[in-house]
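S.K.: Have a look at this fold, sequence not included:
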């Protein structure tokens with residue numbers, strides 16, 4: 001009677017061991033790292049798998065494959081073999097473009113951005129998400145195939161102009177109110193109290209919703225495509241009295257809600273290339289000179305610094321210009337050539353921690369950009 005019992009126990013243990021082995025195989029993953037390599041501003045396109053080194057948390061990893069990509073085409077590939085078998089890695093080169101507009105007025109150069117995008121960049125098998133200050137529009141590949149690009153361009157220009165005007169109407173009104181207070185001849189204390197209240201309200205209108213941005217990055221993570229985000233952010237200035245105490249100026253220019261590390265991890269983990277395009281043309285209501293005794297205070301420096309870092313940790317470009325169209329063309333040119341590196345992390349554990357990635361080119365001092373890491377979940 002003991003033999004059957006022993007046999008049953010042995011079989012049960014064998015099943016458990018096999019199940020554990022299957023589970024171990026199931027969690028084996030390949031990390032995809034888009035990498036751009038530049039020398040004197042020019043993309044370096046002659047590198048091989050042997051030229052690259054990838055480190056995770058400082059530990060050298062084994063690179064499984066390297067692809068040279070131009071737009072949606074594989075120009076060259078190298079795949080390592082294991083046990084006389086070629087590792088099966090099939091990169092998804094279809095693209096999702098995201099155009100995010102955090103602007104407080106509709107600028108003529110935005111028309112040029114959309115014209116260039118639909119004539120020279122997007123293809124019928126791409127998908128597109130456009131986020132305006134108030135709404136988000138999603139155009140999948142079927143829509144891009146079915147509707148003429150000229151019609152999509154025309155409609156998007158109209159929607160973006162409408163949404164930008166809606167978001168700026170309160171801003172314009174508050175600017176006028178601040179001017180009226182400054183020009184009003186009233187007792188100093190009453191004037192200071194009204195001015196601070198008006199400035200705080202204006203500050204609230206320029207508030208950047210960092211949580212919404214982080215949630216949006218998480219949403220994009222589920223999209224199995226190459227994701228290119230172009231984030232247009234317009235410079236924000238506040239007219240303030242020159243004699244306003246320094247502590248008030250600091251409070252009005254700061255944004256304590258911006259958790260930069262959280263945003264950096266969210267965008268990097270989502271395998272997004274985020275290009276931060278800072279529009280230096282500040283908003284003006286076009287009503288002549290500022291009242292005497294006023295100066296302009298930039299009110300979104302944390303957002304500027306934060307998204308400059310996000311561009312860096314996602315392997316994207318940061319560009320600052322009054323010409324949004326020229327910045328966009330530079331970012332597109334920058335984004336269209338890259339390497340895709342794949343490696344399987346040594347001793348991978350789904351511990352929910354952020355794993356730092358570092359890519360090097362052996363013996364060279366090239367400028368290299370890539371995602372900073374991923375969350376092991």
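M.R.: In hand now; what should we look at? These numbers were taken from a predicted model, which means no experiment stands behind them.

S.K.: And for residue 35, the neighbour number?
M.R.: 20 (other C-beta atoms under 10 Å). (Glycine included, C-beta is placed from N, CA and C.)

S.K.: what residues are up against it?
M.R.: Taking C-beta atoms under 8 Å, 6 or more residues apart in numbering as the contact definition, residue 35 lies against 52, 315, 338-341, 359, 368-370.

S.K.: If you count neighbours, what's buried in whichever strand or helix holds residue 161?
M.R.: Using DSSP states H and E, residue 161 sits in helix 149-183. Neighbour-count burial for helix 149-183, counted by 16 or more other C-beta atoms under 10 Å, picks out 152-153, 156-157, 160-161, 163-164, 167-168, 171-172, 174-175, 177-179, 181-182.

S.K.: for stretch 328-339, same thing?
M.R.: 328-332, 334-339.

S.K.: swap in stretch 128-148?
M.R.: For stretch 128-148, by 16+ other C-beta under 10 Å, it's 128-133, 137, 139, 141, 144.

S.K.: Can you convert those residues into CSV and add a column each for distance to residue 239?
M.R.: Listed next are the buried residues of stretch 128-148 as CSV, based on distance: C-beta to C-beta, whole Å:
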residue, distance to residue 239
128, 37
129, 34
130, 31
131, 28
132, 26
133, 21
137, 33
139, 38
141, 46
144, 43
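
S.K.: Strands - which of those land there?
M.R.: In this view, the buried residues of stretch 128-148 that belong to strands under DSSP state E are 128-131, 137, 139.

S.K.: Let me have these in TSV, extended by pLDDT and distance to residue 303.
M.R.: Shown next, in TSV, are these (pLDDT from 0 to 100; distance: C-beta to C-beta, whole Å):
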residue	pLDDT	distance to residue 303
128	95	24
129	95	20
130	95	20
131	92	15
137	93	23
139	89	27
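
S.K.: Name the nearest of these relative to residue 77.
M.R.: residue 128 (27.5 Å; C-beta to C-beta).

S.K.: for the closest one, what are its contacts?
M.R.: 96-99, 122, 138-139, 144.

S.K.: and which of those residues is nearest residue 42?
M.R.: Among those, residue 97 lies closest to residue 42 (C-beta to C-beta), at 24.2 Å.

S.K.: My guess is that closest one contacts residue 231. True?
M.R.: No - the criterion here is C-beta atoms under 8 Å, and residue 97 misses it with residue 231 at 11.9 Å.
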